[in-house]
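Asker: I would like to see how this sequence folds:
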Amino acid sequence: MSEKYIIAIDQGTTSSRTVLFNDRAAIENISQMETRQIYPENGWVEQDPEEIYKTQIKTLKDVISDKGISVDKLAAIGITNQRETTIVWNKKTGKPVYNAIVWQDLRTSDYCKRLQKEGHEKMVKEKTGLVIDSYFSATKIKWILDHVKEARDLAQKGELLFGTVDTWILWNMTKGEVHATDYSNASRTMIFNINTLQWDEELLELFDIPLAMLPEVKESGTHFGDYEFDGKKIPVTGIAGDQQAALFGQACFKKGETKNTYGTGCFLLMNTGKKPQFSDNGMLTTIAWGLNGKVYYALEGSVFIGGAAVQWLRDGLKIIETAEETEQNALEVKDNYAVIVVPAFSGLGAPYWDMDARGAIYGITRGTTTKHLIKATLESIAYQSMDLINAMQEDSKIKLRSLKVDGGASANNYLMQFQADILNKTVEKADIIESTALGAAYLAGLGAGLWNKEDILSHRKIDKVFQPEMEQEKRNTLIKKWHKAIERTKGWEN
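Answerer: Residues are numbered from 1 along each chain as shown. Coordinates of the predicted model:
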């Protein structure tokens, strides 16, 4: 029986979940509840902040009561969260002044374009590592202050608080005593200077955001506050945004170590060490985490359409019933990889950044079957990830040794083998693909003094290693075809 347990709160875009880990970092229990998405207008995405907190606390209580664990055995709580999602609430009443504006929300896109035209892009990138985009929190905060009655007046009087989802959960868990976040989440707001590690006055002035609204920024593995449960206090000792938590969960502690999370999209992060590494290829520079007085940085790139392309096969084309059957279908095709799918359903992201590109299928012949389409769709996820990895290697001047993978689609052995083949790199799939929750647990364990980094490395188990098997000539031919397909797909809407 485990002596101590760690709770990882994993608040995502579509669900609230809590994962219970034992002191060997093995999963003991999981509880999950779906959360509603609200779409008031085209391109707007919101959630109810109170529902986020209620569902999260319900899963936390369920995960403990299901196992009948004594509160004394709960060593710490770690929090990981959907990043950039913006909540503004009244300090006195604790009530949100507006719904949470989700990271996917596009309502401030035109304002972002205006800022770009005004020439603010360079300054914003140098200070934050980010591009000016509605994705990040700054323009969402400004929108709430500009559009919610009395919000700006209350903010000026110091009566409103801003937080990303971690901050909102922490504030409620500590009954309003702690208004804080960690470096990784702060670095996604577009108002935090990743060089000085401070909220930036020039950026706050640009977006007209009062400093008094903003949380204290702390290291990712430190004591944030306490949650009282059954009359006893459990310390919250770890916080990180979901993708940084996954990087930590994959034990990417050294400069150059890289992970790819295969979900609806793919999130690729590379640890670039103790100095921010700025990109010439459209990657974001972000803070990975802060620990023991040191801050570590990462390069981040995302594939917009990863597992979403498989959902398209299922829900749009209706040529599969489940994602699981794609692996067998792909293995049954024995030709020369003639078909290429470019899933640019909403344009192309890094390193191409062409919002006018649209999806296309190339190389169709009379012999093409649905199985060819399924296989080519899986391969498109690996090709897009390859483009990001190559751009990161160019930016960082670091040659990747291996790629650590997690997320739902990493269970597809065909996809993982093709990823290894096309990269000509080893691909390592972790035993626990719940890397995000695991990262939050690791940070909390470190913050509580339960583990050190050596313990974490000893806990980590590899489920499967994929070694490249493809001949170089074939690899070169395929990459050439992929890039030719990309070029022909660009600018379709122009």
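Asker: Going by C-alpha atoms from here, please, whenever you check contacts or count neighbours.
Answerer: Will do.
Asker: And the helices in the stretch 351-494 of the chain?
Answerer: 370-396, 413-423, 435-447, 453-459, 472-489 (DSSP state H, counting those that start in this stretch).
Asker: now the angle from the first one to helix 472-489?
Answerer: When axes from the mean of the first three to the mean of the last three C-alpha atoms, to 10 degrees is applied, the directions of helix 370-396 and helix 472-489 differ by 90 degrees.
Asker: What is helix 370-396 packed up against?
Answerer: Helices and strands touching helix 370-396, by 3 or more C-alpha pairs under 8 Å, 6 or more residues apart in numbering; DSSP states H and E, are strand 266-273, strand 294-303, helix 307-311, helix 325-331, strand 340-342, helix 413-423.
Asker: let's see it at 7 Å
Answerer: In terms of contacts (3 or more C-alpha pairs under 7 Å, 6 or more residues apart in numbering; DSSP states H and E), helix 370-396 is packed against strand 294-303, helix 325-331, strand 340-342, helix 413-423.
Asker: how far out from the middle of the chain is it?
Answerer: Taking C-alpha atoms, centre = their mean, to the nearest Å, one finds helix 370-396 lying 18 Å from the centre of the chain it belongs to.
Asker: The fourth one now?
Answerer: Its chain's C-alpha centre and that of helix 453-459 lie 23 Å apart, by C-alpha atoms, centre = their mean.
Asker: How about the second one?
Answerer: With C-alpha atoms, centre = their mean as the basis, helix 413-423 stands 22 Å off its chain's centre.
Asker: and that helix, C-alpha only, in CSV?
Answerer: Included here for helix 413-423 are C-alpha records, laid out as CSV according to Å, rounded to 0.1, in the frame of the first residue of the first chain:
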residue,chain,number,x,y,z
ASN,A,413,1.6,2.0,-33.7
TYR,A,414,1.5,2.6,-37.5
LEU,A,415,1.6,6.4,-36.9
MET,A,416,4.5,6.1,-34.4
GLN,A,417,6.5,3.9,-36.7
PHE,A,418,6.0,6.2,-39.6
GLN,A,419,7.0,9.1,-37.4
ALA,A,420,10.3,7.4,-36.6
ASP,A,421,10.8,6.5,-40.2
ILE,A,422,10.2,10.0,-41.7
LEU,A,423,12.3,11.7,-39.0
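Asker: Surely Pro215 is in contact with His179?
Answerer: Yes: counting by C-alpha atoms under 7 Å, Pro215 touches His179, with 5.1 Å between them.
Asker: Which one of these two is surrounded by more residues?
Answerer: Residue environment comparison for Pro215 versus His179 gives the larger neighbour count to His179, 24 against 20, counting by other C-alpha atoms under 10 Å.
Asker: Now do the worst-scoring helix or strand of the chain on mean pLDDT: everything it contacts.
Answerer: Ranked by mean pLDDT, DSSP states H and E, the weakest helix or strand in the chain is helix 453-459, scoring a mean of 81. Taking contacts as C-alpha atoms under 7 Å, 6 or more residues apart in numbering, the residues outside helix 453-459 that touch it are Arg24, Ala25, Ala251.
Asker: what about 8 Å?
Answerer: Arg24, Ala25, Ala251, Tyr442, Leu446 (C-alpha atoms under 8 Å, 6 or more residues apart in numbering).
Asker: Buried residues, that helix. List them.
Answerer: Using 16 or more other C-alpha atoms under 10 Å as the test for burial, helix 453-459 gives Ile456.
Asker: show me where pLDDT drops low in the stretch 101-250 of the chain?
Answerer: In the prediction, the stretch 101-250 of the chain carries no residues with pLDDT under 70.
Asker: you'd agree Leu373 is up against Ala338?
Answerer: No: distance between Leu373 and Ala338: 10.2 Å, which falls outside the contact criterion (C-alpha atoms under 8 Å).
Asker: Compare these two and say which is more crowded by neighbours.
Answerer: Using other C-alpha under 10 Å, the more surrounded residue of Leu373 and Ala338 is Leu373, with 21 against 14.
Asker: Among the helices of the stretch 351-494 of the chain, show me which one is buried the most.
Answerer: Highest mean neighbour count of the helices of the stretch 351-494 of the chain: helix 435-447, a mean of 30 (counted as mean count of other C-alpha atoms under 10 Å).
Asker: any idea how far that helix is from the chain center?
Answerer: Using C-alpha atoms, centre = their mean, the distance from the centre of helix 435-447 to the centre of the chain it belongs to is 15 Å.
Asker: So for Asp406, which of the helices and strands packed on helix 370-396 sits nearest?
Answerer: Ranking those by their distance to Asp406 (criterion: C-alpha to C-alpha) puts helix 413-423 first, at 10.3 Å.
Asker: Can you name every helix or strand that the closest one contacts?
Answerer: Helices and strands touching helix 413-423, as assessed by 3+ C-alpha pairs under 8 Å, 6+ apart, comprise helix 325-331, helix 370-396, strand 426-430, strand 462-466, helix 472-489.
Asker: and Ile305, which of those is closest to it?
Answerer: Ile305 sits nearest to helix 370-396 of all those, at 7.6 Å, using C-alpha to C-alpha.
Asker: and the angle from that closest one to strand 294-303?
Answerer: Using the same axes, to 10 degrees, the inter-axis angle of helix 370-396 relative to strand 294-303 is 150 degrees.
Asker: average pLDDT for helix 370-396?
Answerer: Model confidence over helix 370-396 averages 92 on the pLDDT scale.
Asker: Now do it and helix 413-423, the angle between them.
Answerer: Per the same axes, to 10 degrees, the angle that helix 370-396 makes with helix 413-423 is 40 degrees.
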